[in-house]
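Participant: generate a structure from the sequence data that follows.
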Amino acid sequence: MCGRFVVSSPPRSLAAHFGVDEVAIEAADPDYNVTPRAFVPVVANRRDRLVLGRARWGLVPSWARDARIGDRLINARAETVASSSAYGSAFRRRRCVIPADGFYEWLRRPGRPRRPVFLHSASGRPLAFAGLWESWRDPSAPPDAPRVVSCSIVTTRANADVEAVHDRMPVVLGDAFRAWLDPATHPAALRELLVPAPAGTLTGRPVSPLVNQPANNGPQLIDACGSLDDLLAEPPVHGQIHALTLFD
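Facilitator: Reported below is the predicted structural model:
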């Protein structure tokens with residue numbers, strides 16, 4: 001899964017990187033600890049023009065009665081996305097790219113606290129996560145109330161860069177992001193894109209447990225705390241009882 005990620009590149013830089021035709025968002029502060037319900041940049045195809053806009057992370061299906069369902073729909077599994085009642089319609093008609101400068105996963109180790117690991121592009125360029133978006137109207141709101149535009153990140157099994165830390169990862173599209181956004185791309189071709197990124201796409205480093213708390217933010221969250229190789233080489237601690245929680 002992907003439960004936290006980083007968007008530190010300014011909108012104009014993202015617009016240039018993805019070659020968008022229109023920027024529909026204002027300047028935004030970098031976010032080094034993106035959590036569900038946060039509004040994040042998304043690139044979508046709107047009338048054959050690529051538009052950089054913003055959506056709330058946590059997809060709210062059109063049939064939902066309450067926006068809180070989005071808290072459970074931050075990730076869509078690639079293996080079932082096409083047939084899912086929550087994601088199937090968006091997979092066919094409302095695909096997007098969610099730009100990111102990296103994401104966090106937590107390494108579980110017997111007898112030790114979980115350690116956050118920051119995974120990012122080996123090239124230093126922004127990542128293109130395969131995403132889905134929806135537009136939802138609150139049935140309890142006035143008819144003229146603004147709709148909620150929300151999104152979800154499509155995940156797949158981990159590649160060689162990630163598998164030692166976690167068994168899932170976001171689908172990283174690379175240069176195939178245009179095919180993902182193209183309304184004319186056949187569903188079979190879309191499914192072929194939903195695979196782990198080639199080995200060497202990502203690199204990782206242990207970071208501070210400060211990221212465990214959603215209120216913490218800032219570039220210090222992605223500062224290296226040792227090396228990933230050293231962390232993976234640490235022997236397990238046996239004979240101790242330790243409660244593993246998100247806030248270790």
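Participant: which stretches in the protein count as helices?
Facilitator: For the chain, the helices defined by DSSP state H cover 11-18, 88-93, 177-181, 187-193, 228-233.
Participant: quick one: low-confidence ranges for this protein?
Facilitator: 1, 238-248 (pLDDT under 70).
Participant: so what's the residue nearest the centre of the chain bridging to?
Facilitator: Of all residues in the chain, the one closest to the mean position by C-alpha atoms, centre = their mean is Ile153, 4.8 Å from it. For Ile153, the residues forming beta bridges with it (DSSP bridges) are Asn75, Gly131.
Participant: doesn't Arg77 make contact with it?
Facilitator: No - Ile153 lies out of contact with Arg77 (C-beta atoms under 8 Å); the separation is 10.6 Å. From N, CA and C alone the C-beta is placed, and that goes for glycine too.
Participant: okay, strands next: where are they in the chain?
Facilitator: With strands called from DSSP state E, the chain shows them at 4-7, 22-23, 31-34, 39-46, 49-57, 75-77, 95-100, 102-109, 112-121, 127-136, 148-157, 168-170, 202-206.
Participant: ok, and the closest non-adjacent residue to Val43?
Facilitator: Excluding its sequence neighbours, the residue lying closest to Val43 (C-beta to C-beta, 6 or more residues apart in numbering) is Val97, at 4.2 Å.
Participant: give me the number of residues near the one you found?
Facilitator: The number of residues packed around Val97, counting by other C-beta atoms under 10 Å, is 27.
Participant: on that earlier part again, same list (the strands of the chain) but as a markdown table, adding distance to Gly88.
Facilitator: Formatted as a markdown table, the strands of the chain follow (distance: least, C-beta to C-beta, whole Å):
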| stretch | distance to Gly88 |
| --- | --- |
| strand 4-7 | 24 |
| strand 22-23 | 28 |
| strand 31-34 | 25 |
| strand 39-46 | 18 |
| strand 49-57 | 18 |
| strand 75-77 | 10 |
| strand 95-100 | 12 |
| strand 102-109 | 25 |
| strand 112-121 | 29 |
| strand 127-136 | 10 |
| strand 148-157 | 12 |
| strand 168-170 | 19 |
| strand 202-206 | 29 |
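Participant: nearest to Pro196, of the ones you listed?
Facilitator: Taking C-beta to C-beta, strand 148-157 is the member of the strands of the chain nearest to Pro196, at 5.5 Å.
Participant: list the buried residues of that closest one.
Facilitator: The neighbour-count check on strand 148-157 (16 or more other C-beta atoms under 10 Å) flags 148-156 as buried.
Participant: dump those to a markdown table, plus distance to Asp101.
Facilitator: Listed next are the buried residues of strand 148-157 as a markdown table, based on distance: C-beta to C-beta, whole Å:
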| residue | distance to Asp101 |
| --- | --- |
| Val148 | 25 |
| Val149 | 22 |
| Ser150 | 21 |
| Cys151 | 17 |
| Ser152 | 19 |
| Ile153 | 14 |
| Val154 | 18 |
| Thr155 | 18 |
| Thr156 | 20 |
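Participant: quick check, nearest of these to His186?
Facilitator: His186 has its nearest neighbour among those in Val154, at 17.1 Å by C-beta to C-beta.
Participant: quick one: contacts for that closest one?
Facilitator: Residues in contact with Val154 (C-beta atoms under 8 Å, 6 or more residues apart in numbering) are 75-78, 81, 129-132, 170-171, 194.
Participant: can you flag the buried ones in these?
Facilitator: 75-76, 78, 81, 129-132, 170-171, 194.
Participant: format those residues as TSV; extra columns: distance to Val6.
Facilitator: Listed next are the buried ones among the contacts of Val154 as TSV, based on distance: C-beta to C-beta, whole Å:
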residue	distance to Val6
Asn75	16
Ala76	20
Ala78	22
Val81	24
Phe129	12
Ala130	17
Gly131	16
Leu132	20
Pro170	12
Val171	17
Leu194	22
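Participant: out of those, flag the one nearest to Val211.
Facilitator: Using C-beta to C-beta, the buried ones among the contacts of Val154 come closest to Val211 at Pro170, 16.8 Å.
Participant: noted, bye for now.
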